[in-house]
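Asks: Sequence and predicted structure are below.
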Amino acid sequence: MAPSRGQRWRLDASRGAIPGTPAVMIRCPDMPMKDTHRLILFLVFTFSLVMLWESWQRQNAAPVPAVTQTASQSAAQDGGVPAPVAANQVALPATPQAPVGQAALASIPRAVVKTDLIEAVVSAKGGDIVSLKFLEHTTDARGSEPFLLFDEGKRHDYSAQSGLTGEGMPNHNTIYTLSAPNVLLEPGQNSVSLKLTAQGPAGVLVTKTLTFNRGSYLIDVSHEIENNGAAPVAATAYFRLSRDSKPSEDVGFLGAQTYTGPAFYTEADKFRKVDFSDIEKNKVKPFSPVNDGWVAMVQHYFVAAFLPKQGQREFFVQDLGNKRFAAGVKIPVAAVAPGQKSGVSVPLYAGPQEQKKIAELAPGFDLVVDYGVLTVIAAPLFWLLSWLYALVGNWGWAIIVLTVLLKLVFFPLSAASYKSMAKMRTVTPRMIKLKEMYGNDRMKLNQEMMELYKKEKINPLGGCLPVLVQIPVFIALYWVLLASVEMRHAPWLGWITDLSSKDPYYVLPIIMGITMFIQTKLNPTPPDPIQAKVMTIMPLMFSVMFLFFPAGLVLYWTVNNILSIAQQWQITRAIESGAAKAA
């Protein structure tokens, strides 16, 4: 096709130049093709360079001080902010009730709790859960070792802590007495508990109980105050998640990171993320007491969250120093009269972001799955994909069936686009002749081309709007594949053992490149030799980019391309055959 200086190129929704965007080129008027080629290449390489630059910075930035501070240093700073810096930074106990030396801390007892899903390590210091492994989720697709969420420094400094504020009350620096060194969920048992006890003020006994349940990632964390003294006792319970600011090791295309950090939910404010940097700079909007909501620490694929059931609560964030931060909730405990007992219990969820399951635990809890601004499209797509998975039993085949369904939905729009291209292809020789005749008169050339479009009933913009409608769907699907833990380490067939990571042997990207090359042959051939060469090279360029895409996304695009080739070939053949008969 002979391009006018008023033509431009754009991306067809069947293929992608950047995550979630298309890759095949069709022409729309109004911009010179050469300029648009440059624009497309500039956008593609800019996106790639930005992602590579961010990945390089993460790998070569000045290292965050490793979690190697001594146990005594940790105890000194782990209590929270000694004095509130702002209204939302809550002063929690800053030192243990009794000074504890480094040697003593190194020998603090621990208990190991194992269920059918998790293996937890609980320290007698504060009753913190300092280590938590998922027995059904591994660090890689080979299943070499269980995935570690709460971590004492192997990769992260991350733990779940709780305690009581009040004169003499045990907190997360207090040394508790463990009820047992090891707790195992035996066959036939539905739950097991680990009890920890500590003395409070005169005559007060505090029991912290961690209850683990079969087939669940929920851990019930409770504090019971038994007042055997002579005066009433008042206290406030706090539950917090302490973590370093290093992102999760699970990454997306070219090292793309999903959100890592605290998140809060209330009916009034809905879902609210709080960046670590905002905590460090004291830029977090203060929290007000509420009667609903939860606090979470979110990372790619997994989440830990305290989910209070009812009653008044107040959320908080803290800068613990050394690039460590905390997010939590405070809950008042009813005054305990002499001879009485009182307490508070809050469920802790620490597990994968399995959307259907976590949505049932608390309002808005499924929002921790980060689909970005296209959640309104991505959420229904994931629901459909999950439904298809339930039918076919494999995420790879579910993606293929989803591709076919989406192709059927957009069939009329794609048909309009391909008809426009096919008609443009039939008039290409005449457009070349017009360019030869009026190449030096831009106004006359455009006028003659418009006359040609009108005579042949060609809408030069006919292929543009359909594609614009489809682009958000493809971007949303990219985020579904990137953010859904259900896709993590999900196999398809043969060599594809993890649809969320790249094809290890690059077979799918190569097939993808071949399908793109076939589609370029079905498009109108640019009359400019340089432009023709660029169009020939484009499939190779995109294939190189696809080497790093998640295999599930490349599978989707490959199948979509194959379907597009069939549709485009049929439409092109029909229109060219009709044009030949008319001639």
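Replies: Looks like it arrived, so ask away.
Asks: How about the contacts made by the residue nearest the centre of the chain?
Replies: Compute the mean C-alpha point of the chain, and by CA atoms, centre = their mean the closest residue is residue 483, 3.6 Å away. Contacts for residue 483 (CB atoms under 8 Å, 6 or more residues apart in numbering) come out as 258, 300, 301, 353, 369, 370, 371, 378. Heads up, the C-betas are built off the backbone N, CA and C, glycines and all.
Asks: how about a cut-off of 6 Å?
Replies: Residues in contact with residue 483 (CB atoms under 6 Å, 6 or more residues apart in numbering) are 258, 369, 370, 371.
Asks: Considering those, which possesses the most neighbours?
Replies: Highest neighbour count within those: residue 369, with 25 neighbours (other CB atoms under 10 Å).
Asks: ok, now how distant is that residue from residue 339?
Replies: Counting by CB to CB, to the nearest Å, the gap from residue 369 to residue 339 is 48 Å.
Asks: do the same with residue 134
Replies: Distance from residue 134 to residue 339, by CB to CB: 43 Å.
Asks: next one: residue 128
Replies: 31 Å.
Asks: neighbour-wise, which of those two wins?
Replies: Per other CB under 10 Å, whichever of residue 128 and residue 339 has more neighbours is residue 128, with 23 against 11.
Asks: pLDDT value on the closest residue to residue 199 other than its chain neighbours, please?
Replies: Distances taken as CB to CB, 6 or more residues apart in numbering put residue 205 closest to residue 199, at 6.4 Å, once the chain neighbours are dropped. Residue 205 is assigned 96 on the pLDDT scale.
Asks: Okay, now the sheet partners of the helix or strand hosting residue 205, with direction.
Replies: Using DSSP states H and E, residue 205 sits in strand 204-213. Looking at strand 204-213 with DSSP bridges, its paired strands and their directions are strand 191-199 (antiparallel), strand 218-227 (antiparallel).
Asks: As TSV, the ones you listed with distance to residue 210, mean pLDDT and mean neighbour count would be great.
Replies: Listed next are the strands paired with strand 204-213 as TSV, based on distance: least, CB to CB, whole Å; pLDDT from 0 to 100; neighbours: other CB atoms under 10 Å:
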stretch	distance to residue 210	mean pLDDT	mean neighbour count
strand 191-199	5	97	18
strand 218-227	6	97	21
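Asks: will you turn the ones you listed into a markdown table that also has distance to residue 396?
Replies: Listed next are these as a markdown table, based on distance: least, CB to CB, whole Å:
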| stretch | distance to residue 396 |
| --- | --- |
| strand 191-199 | 37 |
| strand 218-227 | 31 |
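Asks: where do the helices sit along the stretch 401-550 of the chain?
Replies: Assigned by DSSP state H, counting those that start in this stretch, the stretch 401-550 of the chain shows helices spanning 411-426, 428-438, 442-455, 464-483, 507-522, 529-546.
Asks: Please name whichever of those helices is nearest to residue 143.
Replies: Among the helices of the stretch 401-550 of the chain, helix 464-483 comes nearest to residue 143, with 21.0 Å by CB to CB.
Asks: Would you mark the buried spots in that closest one?
Replies: 464, 466-467, 470-483 (16 or more other CB atoms under 10 Å).
Asks: Show me how this protein divides into domains.
Replies: Domain assignment for the chain by automatic domain parsing gives 7-58+379-582, 76-368.
Asks: ok now the longest one, how far from the chain's centre?
Replies: Distance, stretch centre to chain centre, for domain 76-368: 22 Å (CA atoms, centre = their mean, to the nearest Å).
Asks: what separates the residue nearest to residue 199 from residue 170, distance-wise?
Replies: Applying CB to CB, one obtains 10 Å for the distance of residue 205 from residue 170.
Asks: what's the answer for residue 220, then?
Replies: Look at residue 220 and residue 170: by CB to CB, they are 18 Å apart.
Asks: Same check on residue 560?
Replies: Residue 560 sits 59 Å away from residue 170, going by CB to CB.
Asks: out of these two, which sits in the busier spot?
Replies: Neighbours were counted for residue 560 and for residue 170 using other CB under 10 Å; residue 170 has more, 29 against 26.
Asks: part of a helix, is that one?
Replies: No - Residue 170 is assigned coil when assessed by DSSP: H, G, I helix; E, B strand; the rest coil, not a helix.
Asks: mind listing what it touches?
Replies: Applying CB under 6 Å, 6+ apart, we find residue 170 in contact with 198, 206.
Asks: quick one: it from residue 486, how far?
Replies: Note on residue 170: its distance to residue 486, by CB to CB, is 40 Å.
Asks: Can you point out the buried residues in stretch 382-392?
Replies: By 16+ other CB under 10 Å, the buried positions in stretch 382-392 come out as 382, 384, 385, 386, 388, 389.
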